[in-house]
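Chemist: quick one, fold the following:
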Amino acid sequence: MKQTLPVPPEVVQQVAEYFSLLSEPTRLRLLHLLRDEEKNVQELVEATQTSQANVSKHLKVMWQAGILSRRSEGTCAYYRVEDEMIFELCNRVCDRLATRLEQQAQNFRVLNTTNN
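Modeler: Numbers count the residues shown, from 1 in each chain. Presented below is the predicted three-dimensional model:
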């Protein structure tokens, strides 16, 4: 049997913080909006229909984590996804959820046919 090495608490903390970035629906919406091209803060505010302060707060968190990059042009700040792996992670989670939902739907269909 293979021996598993202990994971240092600092590493566990960093992994937990990375996953917590994706636990906020607004951040997921922002990532989706930034998937294909960079956008400025105002474009993201309009697309999410939320306040500039709220959008800026979430962008800052993701920028500090290295998921996004930021550039300034005049008075506008533009953001783009720096860590493309984030989409692979989201796709894996979405695929897993879709599989689970399909299995649940199939179970309901079986239950429905046995009760009729």
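Chemist: could I get the full set of helices for this structure?
Modeler: 9-21, 25-33, 41-48, 52-64, 85-115 (DSSP state H).
Chemist: closest one to Ser72 among the ones you listed?
Modeler: Ser72 lies closest, by Cβ to Cβ, to one member of the helices of the chain: helix 41-48, at 10.6 Å. Backbone N, C-alpha and C define where each C-beta goes, glycine included.
Chemist: now that closest one: mean pLDDT?
Modeler: When pLDDT is averaged over helix 41-48, the result is 97.
Chemist: do stretch 84-92 as well
Modeler: Rounded mean pLDDT across stretch 84-92 is 90.
Chemist: related to what we said a few turns ago, can I get the helices of the chain in JSON lines with distance to Glu73 and mean neighbour count?
Modeler: Formatted as JSON lines, those follow (distance: least, Cβ to Cβ, whole Å; neighbours: other Cβ atoms under 10 Å):
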{"stretch": "helix 9-21", "distance to Glu73": "26", "mean neighbour count": "11"}
{"stretch": "helix 25-33", "distance to Glu73": "18", "mean neighbour count": "16"}
{"stretch": "helix 41-48", "distance to Glu73": "11", "mean neighbour count": "16"}
{"stretch": "helix 52-64", "distance to Glu73": "15", "mean neighbour count": "16"}
{"stretch": "helix 85-115", "distance to Glu73": "24", "mean neighbour count": "10"}
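Chemist: between those, which gets nearest to Tyr78?
Modeler: Between the helices of the chain, helix 41-48 lies closest to Tyr78; by Cβ to Cβ that is 8.1 Å.
Chemist: and the angle for the closest one with helix 25-33?
Modeler: 110 degrees (axes from the mean of the first three to the mean of the last three Cα atoms, to 10 degrees).
Chemist: got the CA positions of helix 41-48 in PDB?
Modeler: This file holds the C-alpha atoms of helix 41-48, laid out as PDB (Å, rounded to 0.1, in the frame of the first residue of the first chain):
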ATOM      1  CA  VAL A  41     -15.200  47.600 -15.200                       C
ATOM      2  CA  GLN A  42     -18.100  49.500 -16.700                       C
ATOM      3  CA  GLU A  43     -18.900  46.800 -19.200                       C
ATOM      4  CA  LEU A  44     -18.900  44.200 -16.400                       C
ATOM      5  CA  VAL A  45     -21.100  46.400 -14.200                       C
ATOM      6  CA  GLU A  46     -23.600  46.700 -17.000                       C
ATOM      7  CA  ALA A  47     -23.500  43.000 -17.900                       C
ATOM      8  CA  THR A  48     -24.000  41.900 -14.300                       C
END
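Chemist: cool, thanks, talk later.
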